[in-house]
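Engineer: coords below, sequence missing:
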């Protein structure tokens, strides 16, 4: 079981996200007020583990939650080991499904130029919102059902 340590949003794509204490996840849309939310694609919400961010901090970078443009920063859950189709429960009511693991970076971000690498393309995951609700810092994340291949 994992935990949410940060919720991050931005009104523009390609920028670091600001932290908020809570956010509304809308079914088949994403996080209200976030530039990446859309009914038209499968990458509605992005997640990155605090453990991945720590790898970059250990390289000497001054980075934190939201700096990799992730919506939700997690702790104690191995995100990249979750197969596609895995369903997760967040808090009491929210249900999401893993829709993509990692991503291709078409443009190098500031983090990449600072460190020569970035963890989000390799260790970040994306989910579709199956059942919405309010997500809060500290909410638990439970693997409800393993997906394709799991």
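Structural biologist: On my side now, so go ahead. Just so we're clear, the structure is a prediction, and the values are computed from it rather than from any experiment. Numbers count the residues shown, from 1 in each chain.

Engineer: where does the protein dip in pLDDT?
Structural biologist: 14, 103-119, 121, 148-150 (pLDDT under 70).

Engineer: again, 90 this time
Structural biologist: Counting by pLDDT under 90, the chain shows low-confidence ranges at 1, 12-17, 35-43, 55-63, 66-69, 80, 101-123, 144-150.

Engineer: The spatially most central residue of it is in what secondary structure piece?
Structural biologist: Most central in the chain under CA atoms, centre = their mean is residue 47, positioned 1.3 Å from the mean C-alpha point. Following DSSP states H and E, one finds residue 47 within strand 45-49.

Engineer: chain center to whatever helix or strand comes next after that strand, what's the gap?
Structural biologist: Beyond strand 45-49 on the C-terminal side, the first helix or strand identified by DSSP H and E is helix 50-58. Helix 50-58 sits 15 Å away from the centroid of its parent chain (CA atoms, centre = their mean, to the nearest Å).

Engineer: and if you look at stretch 81-92?
Structural biologist: 12 Å.

Engineer: Next up, the contacts around the residue of the chain positioned farthest from its centre.
Structural biologist: Most distant residue from the mean C-alpha position of the chain: residue 60, 22.6 Å away (CA atoms, centre = their mean). Counting by CB atoms under 8 Å, 6 or more residues apart in numbering, residue 60 makes contact with nothing. (Each C-beta comes from the backbone N, C-alpha and C, glycine too.)

Engineer: State the distance from it to residue 41.
Structural biologist: 35 Å (CB to CB, to the nearest Å).

Engineer: in which helix or strand would I find the nearest residue to residue 32 once chain neighbours are set aside?
Structural biologist: Leaving aside its sequence neighbours, residue 32 sits nearest to residue 24 (CB to CB, 6 or more residues apart in numbering; 4.5 Å). Using DSSP H and E, residue 24 falls within strand 22-26.

Engineer: What ranges does the protein have for its strands?
Structural biologist: Assigned by DSSP state E, the chain shows strands spanning 2-9, 18-20, 22-26, 30-31, 45-49, 72-75, 87-90, 94-101, 125-131, 133-136, 140-145.
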